[in-house]
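1. what follows is a predicted protein model with its sequence.
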Amino acid sequence: MEFVDNRTIKTNVDTVRVKTMRLIHLQLRDILAEALQTAMEAGALPYVAPEALPEIIVERPKRPEHGDFASPMALPLARPMRRAPRQIAEIIVAHLPANELIATVELAGPGYINMRLNPAWLTQQVNRILEEGETFANLDMGVGKNVQVEFVSANPTGPLTVGHGRGAVLGDTLANILQAVGWNVTREYYYNDAGRQMRVLGDSVRLRLLQLLGQDIEFPDDYYQGEYIIDIARDILDEYGPEAAEKDWQFFKEIAQDVIFADIRNTLERLNIHHDVYTNEATFYETGVIWDVLERLREKGYVYDKDGAVWFKATEFGADKDRVLVRSTGEPTYRLPDIAYHVNKLERGFDLIVDVLGSDHIAEMPDVINAVYALGYTDAPQRIQPIFHQFVTLVRGGQAVKMSTRRANFVTLDELIDEVGADAVRYFMISRSPNAQMEFDLELATQQSDENPVYYIQYAHARTAGILERQAAERGITFDPDADVSLLTHPSESTLIREMLRLSDVLAHCAAELAPHHLTFYARELASAFNQFYRDCPVLTAEDEALVKARMKLVKAAQIALARTLHLLGMTAPKEM
RNA sequence: GCGCCCGUAGCUCAGAGGAGAGAGCAACGGACUUCGAAUCCGUAGGUCGGGGGUUCGAAUCCCUCCGGGCGCGCCA
């Protein structure tokens, strides 16, 4: 049996292999591969067996003078070919097949092959963007495949916190991206409305109600301390009167749960987040699946009894200690239903299962994955991809605010949205790598609203509308879909086109790494490219009419690209601000 | 003590084994009689936490140490 190491839990390259020809660097890679092959067959370069050939890398150089794309492929070929890398590069270039993409090639440094895109091809891409509209930059990476993204999954014990917000935005944006690159996406919310937690919730409301009735009752420390519990108690008192005091905890639990769940859904709605499927942990008890799972694990020898409890042999998979699956009271721990739920996910035929979790769950996922692996789902380590995000540290007035559902002193996601707006919450929550801890300074976020990248990006979009709609109408200029885009030769124009085309790359990268934060950086860079174009190239006041019409098409394309990016981020694309 | 994550410009953070190390903010200096200045241009700012190793090539991979976070329960 193999040990499932946390570090190996990353996106399986085979699951998410890029198949589309839209990605320019892949087309260039094929062209270079062909050139290398031709050169070897012609005897211009020594023959190297395919399995000994290093992977051909094509990348975007950091410095513009190194071209649009570059490949260091000649460098690692030096050893097997026993030739100088620069000489190898020269010969590869000499054998490049005819193609419409590459305009010029330069050799530089120790043997880099620097390529520049054909300007005629580049300008034509503007037409393509206009044709594709809202589907612009989509890929076919996940075609015919199903992915489940499970996120938020907060139990209905209290309002969503800022910490939940990060998971919510991360999961939803990831789902948007996976959808754009071709996966069939199911957004799922997993929750538990039974068990000790909920008993405590119901009783917390009951005690608060008794207090409201003037009874002198001590409120336990481990009960839910939040103000919202008192609100719910007060509402119940208003509706049912003092007789409610006679009801048991279950009565209060039912009401509290409904109120809280409605509140959670409302918060998610404000962030434009909707789940397709809600799965209740109770299902796995009712259908008896958890006991089937336990039985199957026992048959396979991964479960044993000790001290009246049932244990999972986690140590066989490298864990430091075994884990209890069923308490001596006969009540399962959360691990058993979690395992059953993941069996359920696997059985539902998802090719990829993404669990968006807080970093406090880091220790439990290996148990779940090892258990389903033990049950015979040997591809589980590849199919199940947990994403752990570090918690958001909230800072107010230079002081950290400790967030806990049970304490009164926490800031809800709703309050954060009230302060900075839904678009800003969405943008900031995924503007850093999930692995990185995040400091969210409330005062700064509200103070700096003018310097906010959210406004910068949305402003660029609003500007496109300003030109195409308001200003064009004022000047009586109409949009011409047949305008000649080959006139778009200004450096700022081609930079803008190249930047728009990069969206597909960014999406592919985000999907492959399951890391949506790159999209926020891209959004800013795209907006910046548009603003630079705007500075350099007058659109409606350009020197001749053909150029006016061509630039209008470019602006329209930019509008599409900006709107697409904003929508993928779950943000609005306003036409005026 | 053990496991995972993080350590990169003053601050917040990107960085996909490949070329002088990147952005935003803050700082400093410029650009509006001109399609929206919520914009643009320029300057300065770095032993990529330290030390070893692998590699033609390391911020990136491995080892080790230091510092911070999160876990390590018959809680979820």
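-> Looks like it came in fine.
2. let me see the contact set for residue A:346.
-> Listed by C-beta atoms under 8 Å, 6 or more residues apart in numbering, the contact partners of residue A:346 are A:353, A:372, A:377, A:380, A:383, A:384. In this view, the C-beta of every residue, glycine as well, is placed from N, C-alpha and C.
3. quick one: the nearest residue to residue A:97 once chain neighbours are set aside from residue A:85, how far?
-> In space, and not counting its chain neighbours, residue A:97 is closest to residue A:34: 5.2 Å by C-beta to C-beta, 6 or more residues apart in numbering. Between residue A:34 and residue A:85 the computed distance is 20 Å (C-beta to C-beta, to the nearest Å).
4. the more surrounded of the two?
-> residue A:85 (21 against 15; other C-beta atoms under 10 Å).
5. that one touches residue A:79, doesn't it?
-> No: in this structure, residue A:85 is not within contact of residue A:79 by C-beta atoms under 8 Å, at 9.5 Å.
6. now for those two: what residues contact both?
-> With C-beta under 8 Å, 6+ apart as the test, residue A:85 and residue A:79 reach no residue in common.
7. circling back to that earlier point, let me have the contacts of residue A:346 in CSV, extended by distance to residue A:284, pLDDT and secondary structure.
-> Rendered in CSV, the data for the contacts of residue A:346 read as follows (distance: C-beta to C-beta, whole Å; pLDDT from 0 to 100; DSSP: H, G, I helix; E, B strand; the rest coil):
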residue, distance to residue A:284, pLDDT, secondary structure
A:353, 16, 96, strand
A:372, 14, 95, helix
A:377, 16, 94, coil
A:380, 17, 92, helix
A:383, 19, 93, helix
A:384, 17, 94, strand
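8. any idea which of the residues you listed is closest to residue A:327?
-> residue A:372 (21.4 Å; C-beta to C-beta).
9. if I look at that closest one, how far off is RNA strand B?
-> Residue A:372 sits 18 Å away from RNA strand B, going by C-beta to the nearest atom of the strand, to the nearest Å.
10. wait, isn't that residue in contact with residue A:340?
-> No: with contacts counted by C-beta under 8 Å, residue A:372 stays clear of residue A:340, the gap being 9.5 Å.
11. need the nearest residue in space to residue A:47, chain neighbours excluded.
-> residue A:40 (5.2 Å).
12. all strands of chain A, in order?
-> Under the criterion DSSP state E, chain A contains strands at A:69-71, A:102-108, A:112-117, A:146-150, A:184-191, A:277-280, A:303-306, A:309-312, A:323-326, A:352-358, A:384-389, A:392-396, A:399-401, A:438-441.
13. any idea which of those scores lowest on pLDDT?
-> Lowest mean pLDDT of the strands of chain A: strand A:399-401, a mean of 65.
14. burial of residue A:574, as a residue count?
-> Using other C-beta under 10 Å, residue A:574 has 15 other residues around it.
15. kindly report the same for residue A:521.
-> By the measure other C-beta under 10 Å, the count of residues near residue A:521 is 13.
16. nearest residue to it other than its sequence neighbours?
-> Using C-beta to C-beta, 6+ apart, the nearest residue to residue A:521 is residue A:431, at 7.9 Å.
17. so which of the contacts of residue A:346 is the most crowded?
-> residue A:372 leads the contacts of residue A:346 on contacts (other C-beta under 10 Å) with 26 neighbours.
18. and that one, what does it touch?
-> Contacts of residue A:372 (C-beta under 8 Å, 6+ apart): A:339, A:342, A:343, A:346, A:380, A:384.
19. among these, which one sits closest to RNA strand B?
-> For the contacts of residue A:372, the residue nearest RNA strand B by C-beta to the nearest atom of the strand is residue A:339; the value is 12.4 Å.
20. OK, contacts around the closest one?
-> A:290, A:293, A:297, A:325, A:367, A:368, A:371, A:372.
21. do residue A:223 as well
-> A:200, A:203, A:204, A:207, A:406.
22. of those, grab the buried ones for ChimeraX.
-> Restricted to buried positions by 16 or more other C-beta atoms under 10 Å, the ChimeraX selection for the contacts of residue A:223 reads:
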select /A:200,203,204,207,406
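23. what about the contacts of residue A:223, which are in helices?
-> A:200, A:203, A:204, A:207 (DSSP state H).
24. what's the residue nearest to the first one when sequence neighbours are not counted sitting at in phi/psi?
-> Going back to what we said before, that points to residue A:200. Counting by C-beta to C-beta, 6+ apart, residue A:200 lies nearest to residue A:223, which is 5.9 Å off, once chain neighbours are set aside. When read as degrees, to the nearest 10, the backbone of residue A:223 gives phi -90, psi 170.
25. how close does residue A:223 sit to RNA strand B?
-> With C-beta to the nearest atom of the strand as the criterion, residue A:223 and RNA strand B are 13 Å apart.
26. got it, and residue A:175?
-> As judged by C-beta to the nearest atom of the strand, residue A:175 and RNA strand B stand 19 Å apart.
27. list the contacts of the residue nearest to residue A:521.
-> Contacts of residue A:431 (C-beta under 8 Å, 6+ apart): A:453, A:517, A:520, A:521.
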